[in-house]
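Novice: Mind looking at a prediction? Sequence and model below.
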Amino acid sequence: MKKKFFLEGIKLGLLALALLIQACSTVPLIGRKQMSLLPESNMVEMSLTSYSQFLKDNKLSSNSAQSEMVKRVGARVSVAVEKYLKENGFADRVSDFKWEFNLVENKDPNAWCMPGGKVVFYTGILPLTQNDAGIAVVMGHEIAHAVARHGNERMSQQMIQQFGGIALSEVIKSKPEETQAIFQTAFGLGSQYIVMLPYSRLHEYEADKLGLIFMAMAGYDPNEAIGFWERMAAGSSGKMPEFLSTHPVEANRIQAIKDFLPEALKYYIKK
């Protein structure tokens, strides 16, 4: 009986999500359906507030050479991004971007780009990037997330997940307390592991592909991406199965990059 309720809960939760997903727009750069429930202007405004607070709470790197390297690569990649979008009829995607590139003192191997074009690299990722081309790999990838509006999509998914949970509560509120708990647990598992996480991995694969194009157009050899992700893989430990991870397993990601390289190399012009 509990198993039946469990499966029914998953079906109800996923049905609520699926119905809303069908009403999505199409990602212009990728061609798949995408949820964007929030106006992009709101995303940019929220990002600017978060970015300003982040800079107040974190120390900028005092290494002028490394900081300049991040800014130099960022400038080249951002120009390539704008060129690519303009040539493909999507210049409006970055029309409100005010590019800024900073390096902060942090041992974590991390970097990100907020909606609006605010890019931050952590010093902890530089041993893995090693050079300008390695920085371009990460730069292109993170900017791709912002250009593809993955942040908006993730927030929209969270909003729909919450809505689905509320709707499910209304459906089962007349059932015994134990049954309600089973349904709620099933909904959470169904939405997280079947819908939410795969979308996050999909975002990563999309950002990898777009990032390769962006770095290639900026004059950086996209083949450098293989070496970077191999170094990332060598430095990772305690990996969880891809099924439970928001990021692709490194071997899968590297293979996907290798498969896409011939397309990315069409955009590569040495500078």
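Specialist: Great, that's in hand.
Novice: what about the helices in the stretch 51-200 of the chain?
Specialist: 64-87, 126-129, 132-147, 150-172, 177-190, 197-217 (DSSP state H, counting those that start in this stretch).
Novice: Among those helices, show the one with the smallest mean pLDDT.
Specialist: Here the lowest mean pLDDT among the helices of the stretch 51-200 of the chain goes to helix 177-190, at a mean of 51.
Novice: State the helix or strand in which residue 30 lies.
Specialist: Here residue 30, judged by DSSP states H and E, is contained in no helix and no strand.
Novice: doesn't residue 148 make contact with it?
Specialist: Yes. With contact defined as C-beta atoms under 8 Å, residue 30 reaches residue 148; the gap is 6.6 Å. Backbone N, C-alpha and C define where each C-beta goes, glycine included.
Novice: what touches both of those two?
Specialist: Counting by C-beta atoms under 8 Å, 6 or more residues apart in numbering, the common neighbours of residue 30 and residue 148 are residue 206.
Novice: who's more crowded, these two?
Specialist: Taking other C-beta atoms under 10 Å, residue 30 and residue 148 do not tie; residue 148 has more neighbours (21 against 15).
Novice: Looks like the more buried one contacts residue 31 (just checking).
Specialist: No. Residue 148 is not in contact with residue 31 according to C-beta under 8 Å; the separation is 11.3 Å.
Novice: Against residue 143, how distant is residue 264?
Specialist: As defined by C-beta to C-beta, to the nearest Å, residue 264 lies at a distance of 15 Å from residue 143.
Novice: just residue 222 next, same as before
Specialist: The gap separating residue 222 from residue 143 is 14 Å, by C-beta to C-beta.
Novice: next one: residue 125
Specialist: Separation of residue 125 from residue 143 (C-beta to C-beta) stands at 15 Å.
Novice: quick one, which of the two is more surrounded?
Specialist: It is residue 143, of residue 125 and residue 143, that has more neighbours when counted by other C-beta under 10 Å, with 27 against 21.
Novice: my read: that one touches residue 80, true?
Specialist: No. Between residue 143 and residue 80 there is no contact under C-beta under 8 Å: 9.4 Å.
Novice: shared neighbours, these two?
Specialist: In contact with both residue 143 and residue 80: residue 214, using C-beta under 8 Å, 6+ apart.
Novice: list the contacts for the residue nearest to residue 114 when sequence neighbours are not counted?
Specialist: Spatially, and ignoring its direct neighbours in sequence, residue 114 is nearest to residue 47 (3.8 Å; C-beta to C-beta, 6 or more residues apart in numbering). Contact analysis of residue 47 by C-beta under 8 Å, 6+ apart lists 114, 115, 116, 118, 151.
Novice: To what extent is the fourth one buried, counted in neighbours?
Specialist: If I follow you right, that is residue 118. Neighbour tally, residue 118, other C-beta under 10 Å: 23.
Novice: who touches the nearest residue to it once chain neighbours are set aside in this structure?
Specialist: Once flanking residues are discounted, residue 118 sits nearest to residue 51: 4.4 Å by C-beta to C-beta, 6+ apart. Residue 51 makes contact with 114, 116, 118, 120, according to C-beta under 8 Å, 6+ apart.
Novice: do the same with residue 203
Specialist: Counting by C-beta under 8 Å, 6+ apart, residue 203 makes contact with 145, 148, 150, 153, 154.
Novice: quick one: it and residue 60, what's the gap?
Specialist: On the measure of C-beta to C-beta, residue 203 and residue 60 end up 28 Å apart.
Novice: do residue 70 as well
Specialist: 11 Å.
Novice: Looking at those two, which one has more neighbours?
Specialist: More crowded of residue 70 and residue 60, by other C-beta under 10 Å: residue 70, with 25 against 12.
Novice: residues contacting the more buried one?
Specialist: Counting by C-beta under 8 Å, 6+ apart, residue 70 touches 101, 102, 103, 119, 121, 135, 139.
Novice: okay, the residues you listed in JSON lines with neighbour count and distance to residue 236 next?
Specialist: JSON lines is the format used below for the contacts of residue 70 (neighbours: other C-beta atoms under 10 Å; distance: C-beta to C-beta, whole Å):
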{"residue": "101", "neighbour count": "23", "distance to residue 236": "26"}
{"residue": "102", "neighbour count": "18", "distance to residue 236": "25"}
{"residue": "103", "neighbour count": "26", "distance to residue 236": "22"}
{"residue": "119", "neighbour count": "25", "distance to residue 236": "23"}
{"residue": "121", "neighbour count": "30", "distance to residue 236": "19"}
{"residue": "135", "neighbour count": "29", "distance to residue 236": "19"}
{"residue": "139", "neighbour count": "31", "distance to residue 236": "21"}
